[in-house]
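J.: Mind looking at a prediction? Sequence and model below.
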Amino acid sequence: MAKSNKGRKAEVAVAKSLPEIIGWYALLACVALVPVVIAVVARPGGGTIAFTEDPYHVPKLLLASVLLTVATAAWLVDLFMNAREVRAGYAFAALAGFAVLVGLSTAFGIEPANSLFGASGLMTGAITWLIFAWMAVLVGQLLTTSARLEEMSWAILSGSTIVGLIALVQSTGFDPIGTPITPATQFIIDQGAATIGNPNYTGLLLTVPAVLAVGLAFASQVDWKRWTAGACAVVLFGAIVITITRAAWLGGMVGLAVFFFLAMSDAKQARRLALVLGGAAAGVALLGLLLAGPANVFRRIGLLSAGLDAFSSGRLTMWADTLRTIASRPFLGTGADRLALGAYDVQTKVVTEGVNRYVIQDPHSLPLLIAGSFGVIALAAFLAYAVVVLVDAFKVAVANRGQSPKRLLYASWVAATVGFLAASLLSVYTITGVFALFLALGVIAAPNLKPLRGGALASAPVALVASLIVATALFGGVQSFRAARHVMLSLSGDSEYHLNEAMRIAPWDTRTRVTYLWRKAGSFRAVITGPDAASARQTLASLDEEIKAQIARSPHELLLYRMRVDLYRLPKGFPGYDPRKVLEAIEDALVVYPNDQEFLQWREDARREVQGSDTN
């Protein structure tokens with residue numbers, strides 16, 4: 001990065017600021033640890049148990065919010081104490097516009113509180129998008145030297161390589177972290193869920209560090225660093241192969257191709273790079289093929305014979321459905337993590353097919369996810385940000401091509417970003433995806449940032465917005481973690497107490513309320529299905545009032561409507577069963593979802609039962 005004597009003096013001056021150093025290392029800790037952290041603990045007497053209901057995503061939000069709060073606070077102290085200037089670029093205007101539209105989409109979304117903190121179990125609420133967008137800005141403030149670029153590279157490489165190693169070991173049938181699972185979900189572990197929660201999520205995340213490891217191996221001038229980076233590349237690409245995630249395969253290949261283009265400076269070097277990369281790729285592919293099992297890999301490829309939609313695991317259908325959802329809410333979208341609720345309004349194919357009704361929560365394509373969740377204007381703002389960053393980054397990488405091995409490191413970040421964006425066109429997104437997206441964009445934007453003139457007057461708004469984002473994220477992370485812990489405790493302790501605590505701590509989380517109501521209904525099952533019709537109907541009426549109260553709070557949540565129908569269907573075959581109540585619950589649900597195929601079929605069944613009871 002900085003090359004002149006003046007630049008080196010500036011680097012020394014920055015290094016003398018203790019708050020700035022604290023901020024930098026807090027940021028590095030966040031980059032290294034977010035991929036690794038998981039809430040799985042040893043069980044007394046042997047085995048493991050999840051510490052929270054969601055052992056993967058909630059802990060990552062908590063850790064990221066804590067470390068980014070520390071990094072932000074330290075940077076702000078340094079900013080005002082040493083009268084520094086905020087570093088900015090044209091791309092930040094588009095990023096600011098994107099952040100504003102995320103906020104507006106949340107405020108005017110279907111369920112604002114759920115959208116703000118996240119409700120789908122993937123932790124991709126608005127606060128996740130905002131805090132990692134801020135992380136991209138913070139990276140630009142602190143990543144000011146070539147030495148720091150190398151430190152950042154090793155930070156993401158260290159944490160991600162641990163993830164890759166765990167995934168590779170899991171593919172052999174042994175789980176080193178002892179993930180609590182059921183037999184039905186064993187295949188998820190075998191394909192490399194690691195500390196990310198699903199092989200698809202793992203594959204997407206590892207796209208960035210895998211390409212980066214190749215660049216670090218070529219850029220390092222110290223033997224042990226070169227060999228270590230090469231070993232990391234083998235682990236990471238091997239892990240990508242065994243996840244059997246075709247989006248990640250695509251991203252890895254695109255990333256390597258871009259790196260090849262940016263790294264070669266003459267024909268001789270091009271041949272050397274091609275030979276090394278080609279040989280390494282063939283070796284890694286063979287290793288991954290052996291670990292994943294040839295049958296599994298070729299099965300995924302063989303789906304092409306069944307048509308493009310089957311080969312894409314239904315993505316073409318999902319994309320068509322998502323486009324209809326976007327058309328119904330084009331300006332501000334549905335709000336983060338609430339895409340499925342908007343899809344119910346247009347009654348698309350995917351959300352009316354039984355157990356697949358929730359798959360459209362993520363359309364497996366980043367542009368469609370942004371447009372559906374935040375609106376087409378937000379998508380335009382994000383694309384403007386990404387394009388400006390990439391254009392500027394390519395200019396730097398091409399201008400420095402062949403100058404020195406260290407320049408290859410920046411080129412590998414650019415290549416990794418392009419590869420990740422290519423994979424994102426086809427991939428599902430979770431908190432780790434959002435994290436990797438903004439980290440990569442933040443790093444490659446850093447060399448092109450300039451001091452923002454205006455002193456404290458210009459810095460104050462940035463400080464205010466940053467403080468608001470990290471404070472909100474910290475609150476959401478802490479509360480979500482506490483609530484998830486109580487939900488987990490409800491499985492082995494006082495269920496009603498712990499679920500009530502979870503609802504009090506995180507009242508926005510619809511899933512907890514649904515769990516509470518089902519548990520409560522289950523505790524009265526003996527009465528509901530008992531011989532006393534009057535007691536059964538009285539109990540059902542009481543539970544129905546609670547469900548309707550929750551529907552009033554979340555009028556678009558299909559789970560609550562379905563629960564109400566299922567509750568009245570529960571005593572079927574017992575004295576307390578009343579088909580009129582079933583029909584009433586179904587009719588109420590159809591007011592919100594008038595074309596839902598499941599509810600329509602149930603209505604026909606209930607009508608026949610009512611007619612039969614009237615005849616009798």
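T.: Cool, the structure landed.
J.: where does this structure have low pLDDT?
T.: Along the chain, segments meeting pLDDT under 70 span 1-16, 42-47, 119-121, 181-185, 265-314, 344-360, 402-406, 455-456, 614-616.
J.: Taking the centroid of it, which residue is nearest it?
T.: Centroid-nearest residue in the chain, with C-alpha atoms, centre = their mean: Thr430, separated by 1.3 Å.
J.: how about it, what does it touch?
T.: For Thr430, the contact set (C-beta atoms under 8 Å, 6 or more residues apart in numbering) comprises His57, Leu122, Met123, Thr124, Ile196, Gly197, Asn198, Tyr201. C-beta: built from backbone N, CA, C; applies to glycine.
J.: Please apply the same query to Thr207.
T.: Thr207 touches Ile240, Ala248, Gly251, Gly252, Gly255, Ala416, Gly419, Phe420, Ala423, Ala436, counting by C-beta under 8 Å, 6+ apart.
J.: 10 Å instead, please
T.: Shown in contact with Thr207 (C-beta atoms under 10 Å, 6 or more residues apart in numbering): 160, 236-237, 240, 245, 247-252, 254-255, 416-417, 419-424, 427, 433, 436, 440.
J.: just Val565 next, same as before
T.: By C-beta under 10 Å, 6+ apart, Val565 lies in contact with 581-586, 588-589, 598-599, 602-603, 606.
J.: what's the farthest-apart pair in those?
T.: Farthest-apart pair in those is Lys581 and Glu598; separation 18.1 Å (C-beta to C-beta).
J.: The two - which one has more neighbours?
T.: Comparing Lys581 with Glu598 by other C-beta atoms under 10 Å, the one with more neighbours is Lys581, at 21 against 17.
J.: which one is that one nearest to, not counting chain neighbours?
T.: Tyr568 (4.5 Å; C-beta to C-beta, 6 or more residues apart in numbering).
J.: Looking at the protein, which helix is longest?
T.: helix 455-489 (DSSP state H).
J.: List the buried residues in that helix.
T.: For helix 455-489, a neighbour-count test (16 or more other C-beta atoms under 10 Å) marks 459, 462-463, 465-466, 469-470, 472-474, 476-489 as buried.
J.: swap in stretch 64-83?
T.: Neighbour counts over stretch 64-83 (16+ other C-beta under 10 Å) mark 64-79 as buried.
J.: Helices of the stretch 401-550 of the chain, residue ranges please.
T.: Ranges of helices in the stretch 401-550 of the chain, per DSSP state H, counting those that start in this stretch, are 407-424, 431-445, 455-489, 495-505, 510-523, 525-528, 533-553.
J.: Which of those sits closest to Gly178?
T.: Gly178 lies closest, by C-beta to C-beta, to one member of these: helix 455-489, at 15.9 Å.
J.: which other helices and strands contact that closest one?
T.: Helix 455-489 sits against strand 48-50, helix 57-81, helix 90-107, helix 112-117, helix 126-142, helix 495-505, helix 510-523, with contacts defined as 3 or more C-beta pairs under 10 Å, 6 or more residues apart in numbering; DSSP states H and E.
J.: now the fifth one against helix 57-81, angle please.
T.: Put plainly, it is helix 126-142. Angle, helix 126-142 to helix 57-81, by axes from the mean of the first three to the mean of the last three C-alpha atoms, to 10 degrees: 40 degrees.
J.: Could you report the distance from Arg603 to Arg580?
T.: From Arg603 across to Arg580, the span is 12 Å (C-beta to C-beta, to the nearest Å).
J.: should've said Gly419
T.: Taking C-beta to C-beta, one finds Gly419 at 59 Å from Arg580.
J.: And for Leu457?
T.: Distance from Leu457 to Arg580, by C-beta to C-beta: 68 Å.
J.: ok, now Ala440?
T.: 58 Å.
J.: So if I had to pick from those two, which one is more boxed in?
T.: Ala440 (28 against 13).
J.: Identify the residue nearest that one in space, chain neighbours excluded?
T.: Distances taken as C-beta to C-beta, 6+ apart place Thr417 nearest to Ala440, at 4.1 Å, with adjacent residues excluded.
J.: Could you do Gly255 as well?
T.: Closest residue in space to Gly255, ignoring its immediate chain neighbours: Gly419 at 2.4 Å, by C-beta to C-beta, 6+ apart.
J.: Touching, that neighbour and Leu250? I think so.
T.: Yes: counting by C-beta atoms under 10 Å, Gly419 touches Leu250, with 8.2 Å between them.
J.: more crowded one of the two?
T.: Remark: of Gly419 and Leu250, Gly419 carries more neighbours, 27 against 17, as counted by other C-beta under 10 Å.
J.: From Val169, how far out is the more buried one?
T.: In terms of C-beta to C-beta, Gly419 sits 25 Å off from Val169.
J.: Repeat that for Val258.
T.: Counting by C-beta to C-beta, the gap from Val258 to Val169 is 30 Å.
J.: Over to Ala233?
T.: Here Ala233 is placed at a distance of 18 Å from Val169 (C-beta to C-beta).
J.: Quick check: Thr207 is in a helix.
T.: Yes: under DSSP: H, G, I helix; E, B strand; the rest coil, Thr207 sits within a helix.
J.: if you skip the residues just before and after it, what's nearest to it?
T.: Gly251 (3.9 Å).
J.: in which helix or strand would I find that neighbour?
T.: Element membership of Gly251, judged by DSSP states H and E, is helix 246-263.
J.: For that helix, output the C-alpha coordinates as CSV.
T.: Output of helix 246-263 as CSV, limited to C-alpha atoms (Å, rounded to 0.1, in the frame of the first residue of the first chain):
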residue,chain,number,x,y,z
ARG,A,246,-21.9,-26.4,-6.8
ALA,A,247,-22.1,-22.6,-6.1
ALA,A,248,-18.9,-22.8,-4.1
TRP,A,249,-17.3,-24.9,-6.9
LEU,A,250,-18.2,-22.2,-9.4
GLY,A,251,-16.9,-19.5,-7.1
GLY,A,252,-13.6,-21.2,-6.5
MET,A,253,-13.0,-21.7,-10.2
VAL,A,254,-13.9,-18.1,-11.1
GLY,A,255,-11.7,-16.9,-8.3
LEU,A,256,-8.7,-18.9,-9.5
ALA,A,257,-9.3,-17.7,-13.1
VAL,A,258,-9.3,-14.1,-12.0
PHE,A,259,-6.2,-14.6,-9.9
PHE,A,260,-4.4,-16.1,-12.9
PHE,A,261,-5.3,-13.1,-15.0
LEU,A,262,-4.2,-10.6,-12.4
ALA,A,263,-1.1,-12.4,-11.4
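J.: could I get the helix or strand containing Phe218 in PDB with only the CA atoms?
T.: Assigned by DSSP H and E, Phe218 falls within helix 199-219. Extracted in PDB, the C-alpha atoms of helix 199-219 (Å, rounded to 0.1, in the frame of the first residue of the first chain):
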ATOM      1  CA  PRO A 199     -22.400 -27.700   4.000                       C
ATOM      2  CA  ASN A 200     -23.900 -25.100   1.600                       C
ATOM      3  CA  TYR A 201     -23.100 -22.300   4.100                       C
ATOM      4  CA  THR A 202     -19.700 -23.800   4.700                       C
ATOM      5  CA  GLY A 203     -18.900 -23.900   0.900                       C
ATOM      6  CA  LEU A 204     -19.900 -20.300   0.300                       C
ATOM      7  CA  LEU A 205     -17.800 -18.900   3.200                       C
ATOM      8  CA  LEU A 206     -14.700 -20.900   2.300                       C
ATOM      9  CA  THR A 207     -14.700 -19.400  -1.300                       C
ATOM     10  CA  VAL A 208     -12.900 -16.200  -0.100                       C
ATOM     11  CA  PRO A 209     -10.100 -17.700   2.000                       C
ATOM     12  CA  ALA A 210      -9.500 -20.600  -0.400                       C
ATOM     13  CA  VAL A 211      -8.600 -18.200  -3.300                       C
ATOM     14  CA  LEU A 212      -6.800 -15.900  -0.800                       C
ATOM     15  CA  ALA A 213      -4.600 -18.800   0.400                       C
ATOM     16  CA  VAL A 214      -3.400 -19.400  -3.100                       C
ATOM     17  CA  GLY A 215      -2.400 -15.700  -3.400                       C
ATOM     18  CA  LEU A 216      -0.700 -15.800  -0.100                       C
ATOM     19  CA  ALA A 217       1.300 -18.800  -1.100                       C
ATOM     20  CA  PHE A 218       2.600 -17.100  -4.200                       C
ATOM     21  CA  ALA A 219       3.100 -13.700  -2.400                       C
END
